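*Asks:* I'll drop the sequence and a predicted model, then ask my questions.
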Amino acid sequence: MANSGRDRAVQGVVHACYSAGEDPSSVRSRLLYALRRVVPFDAAFMACADPDTLLFTSAFADDALAESGPLFLENEFGADADVNRFVDLARARNPVASLDEATNGERAASPRWREIMDPLGLGDELRVALRVDGTAWGFLCLHRYGVTSFDVSEMAVLRKVAAHAGEALRRVAAAPNLASPAAARASEAVILVADHVVVAVGGAVDEIEGVSLVIGGPLPVPFAAVVRRLEAIEGGAEGLESAPAALRMMTKRGALVSVHAARLRDASGNGPIAVTVAPAAPTERSSLFLAAHGLTPAQRRVANLVLQGRTTGQIVVELRISAHTVQDHLKAVFDKAGVRSRRELVSALMHP
């Protein structure tokens, strides 16, 4: 593709990110349709993520990958190391990496390729953390069959596009009025899981991922992700000391829920895992709300102190900034959050 044609195609991908609508499915379909014109691929995976725990809150995989979904989840969130894990790309200086680049062309060095991708006939993969200002809102993985690698120019395209795709997912997270008093009330539920299979359900959870849980059936991706994270923590995986087995997600009815996983101990000392679903706590709502609305770190610090009831004078002393700077930050917070006063901000975040 000539440079001018490639540049237009890349701009088309960027445009797709901002015209995709306010749901993950629209973002995915428009983004992948435009991206395929400039970076050919044979199969794709895309996920939204909780920006704090980096666990998947929703996910899509092409048919070629879907059947192996549980294996990919185990590889991604399990205790054993592998190259280019999404959690590592989310924190890396470069959010884009290919399998062939990471393994110097020795694909078999990756357990993911050796145990999952090679049996499917897959070759190179290109993984991307979709970040905005250092915060990851989702992930993308492109696959190719055969020996053809993703080249340097194709990885450069993904680096140009990554922040725009991340912005699209950030807007998806911000689109529901998380703070509306009229927002849907979340149900509470407990799901018992053994060997990654549902063994018992208490409460209403059919609104999660739009599917009903079936006794003896598999877990939806968000639940499977928190279970895998818990098992990795129990297995002593490195780097997870401050990464809880938890996430926040919107239900199909528009309620923000918190999902946690914990091990129940039986006589053997190793009982089933309990996955709990409950309305998100005020602190969980507020941190997601502030991040989703694009507040800068300085604006978040001021907003968090307002939520704790601090006055302007107290904020001045605590942050060592002028009253004028506090007011400037508050004005930006109000504009981004769609409120007009401290009272509305507190009410929106602390009293849903």
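*Replies:* Structure's in. What do you need?

*Asks:* state the helix or strand in which L330 lies.
*Replies:* helix 323-337 (DSSP states H and E).

*Asks:* show me what that helix is packed against.
*Replies:* Counting contacts by 3 or more CB pairs under 8 Å, 6 or more residues apart in numbering; DSSP states H and E, helix 323-337 is packed against helix 282-292, helix 297-307, helix 312-319, helix 342-350. For the C-beta atoms, the positions are set from N, CA and C on the backbone; glycine is no exception.

*Asks:* can you tell me which of those is most buried?
*Replies:* Mean neighbour count (mean count of other CB atoms under 10 Å) peaks for helix 282-292 among these, with a mean of 20.

*Asks:* that older thread, make CSV from the helices and strands packed on helix 323-337 and add distance to A261 and mean pLDDT to it.
*Replies:* Output for the helices and strands packed on helix 323-337, formatted as CSV (distance: least, CB to CB, whole Å; pLDDT from 0 to 100):
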stretch, distance to A261, mean pLDDT
helix 282-292, 15, 85
helix 297-307, 27, 90
helix 312-319, 36, 95
helix 342-350, 26, 82
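
*Asks:* what sits up against the helix holding L330?
*Replies:* Here helix 323-337 makes contact (CB atoms under 8 Å, 6 or more residues apart in numbering) with 179, 289-290, 293-296, 298-299, 302-303, 306, 312-313, 315-316, 319, 340-342, 344-345, 348.

*Asks:* try 6 Å
*Replies:* The contact list for helix 323-337 (CB atoms under 6 Å, 6 or more residues apart in numbering) reads 293-294, 299, 302-303, 312, 315-316.

*Asks:* what's the closest of the residues you listed to L35?
*Replies:* Ranked by distance to L35 (CB to CB), the contacts of helix 323-337 are led by G294 at 23.8 Å.

*Asks:* ranges for the strands of the stretch 151-300 of the chain?
*Replies:* Under the criterion DSSP state E, counting those that start in this stretch, strands of the stretch 151-300 of the chain are mapped to 189-194, 197-203, 246-250, 256-263, 273-279.

*Asks:* elements contacting the first one?
*Replies:* By that I understand strand 189-194. Contacts defined by 3 or more CB pairs under 6 Å, 6 or more residues apart in numbering; DSSP states H and E place strand 189-194 against strand 197-203, strand 273-279.

*Asks:* OK, contacts around the residue positioned nearest the centre of the chain?
*Replies:* By CA atoms, centre = their mean, the chain has its centre lying nearest to A49, at 0.8 Å. Residues counted as contacts of A49 (CB under 6 Å, 6+ apart) are 56, 136, 138.

*Asks:* likewise for N94?
*Replies:* Listed by CB under 6 Å, 6+ apart, N94 has no contact partners.

*Asks:* in which helix or strand would I find V339?
*Replies:* Using DSSP H and E, V339 falls outside every helix and strand.

*Asks:* how many other residues sit next to the residue lying closest to S287 once chain neighbours are set aside?
*Replies:* Nearest non-adjacent residue to S287, counting by CB to CB, 6 or more residues apart in numbering: D52, 6.9 Å away. Applying other CB atoms under 10 Å, we find 18 residues neighbouring D52.
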